[in-house]
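In: next one to model:
(one chain, ligands or ions: 1)
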Amino acid sequence: MEEDLSIIICQLVDYLMPELTPYETALYLYLFRNSFLKNGNGEIQVGKRTIAAEFGRGARGEKSSYAHVSKYLNILEEKGCIKVNDITSKGTMYTVNLPKDIPLVFDKITRPSTQNSDADYFTDPEKRKEIFQRDDWVCQYCGDKVTPESATLDHYIPQSKGGKNTKDNLKTSCLICNSIKCDKTYEEAAQLLLKNIQERNSKIHK
Ligand SMILES: [Zn+2]
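Out: Below you'll find the predicted structure:
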């Protein structure tokens, strides 16, 4: 199997399992185990009666019924987890999809969690304070202490270059450093910031 198993398991746990009932998860894993882990690909040929016999003994130890298995195989197909192919004398051919190839999972992987990325840490006063506290009320460029009156937030990646009001992109900054960095990237501003810090230090030591 080319895919890294640990990535598959993470995607399964983080993205797929919340979308499935425990029974559906177990049935998916049964098919996964008998396809990818056995042959290295998603193809599996198995009769529903075999699945019913081998898999899913209920809490009281009774076998899953044929009808029960059929119902949940259909649900897994509706959710895009498997594809039910031709029926042959040896059983039905199934294609088991890897978590990343299941639309429900694919959407979550490609769309970053809206919960955190939508939070506006720049304009919300409470959230601004969270950043200042995270940075210990210290300017992240020159190391000077800032106060609630002098503290500003700098967009590490400038807004003009697509930087967002996210926690990761905001740094506590003193007024001077913020006015120097302005809408430059850190690489562009680094020399100017350093020069200013040296000037300020030499004034203090005079
Ligand atoms: Zn500063």
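In: residues contacting the closest residue in space to Asp120 that isn't next to it in sequence?
Out: Using CB to CB, 6 or more residues apart in numbering and skipping the chain neighbours, the partner closest in space to Asp120 is Asn165 (4.7 Å). Using the backbone N, CA and C atoms, a C-beta is placed for each residue, glycine as well. Neighbour list for Asn165: Asp120, Tyr121, Phe122, Thr123, His155 [criterion: CB atoms under 8 Å, 6 or more residues apart in numbering].
In: ok, Ser160 next?
Out: So Ser160 contacts Asp183 (CB under 8 Å, 6+ apart).
In: need the contact partners of stretch 142-150.
Out: 132, 137-139, 152, 172-177, 193, 196-197, 200.
In: next one: Asp101 from Ser6, what distance?
Out: 17 Å (CB to CB, to the nearest Å).
In: equivalent analysis for Glu149, please.
Out: From Glu149 across to Ser6, the span is 49 Å (CB to CB).
In: avg pLDDT for the helix ranked longest in the chain?
Out: Criterion DSSP state H: the longest helix present in the chain is helix 186-205. The average pLDDT within helix 186-205 is 90.
In: what is the neighbour count of the residue nearest to Lys184 when sequence neighbours are not counted?
Out: The spatially closest residue to Lys184, leaving aside those adjacent along the chain, is Pro158, at 6.6 Å (CB to CB, 6+ apart). When neighbours are defined as other CB atoms under 10 Å, Pro158 has 18 of them.
In: before we move on, what about Ile109?
Out: 12.
In: and the gap between it and Pro99?
Out: 9 Å.
In: so which bits of stretch 79-86 are buried?
Out: Residues of stretch 79-86 classed as buried under the neighbour-count rule (16 or more other CB atoms under 10 Å) are Lys79, Cys81, Ile82.
In: could you dump that stretch to PDB, C-alpha only?
Out: Below are the C-alpha coordinates for stretch 79-86, written out as PDB (Å, rounded to 0.1, in the frame of the first residue of the first chain):
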ATOM      1  CA  LYS A  79     -21.800   7.900   2.100                       C
ATOM      2  CA  GLY A  80     -19.200   7.300  -0.600                       C
ATOM      3  CA  CYS A  81     -17.100   4.900   1.600                       C
ATOM      4  CA  ILE A  82     -17.400   1.900  -0.800                       C
ATOM      5  CA  LYS A  83     -18.700   1.200  -4.200                       C
ATOM      6  CA  VAL A  84     -20.700  -1.900  -4.800                       C
ATOM      7  CA  ASN A  85     -19.800  -3.400  -8.200                       C
ATOM      8  CA  ASP A  86     -20.900  -6.500 -10.000                       C
END
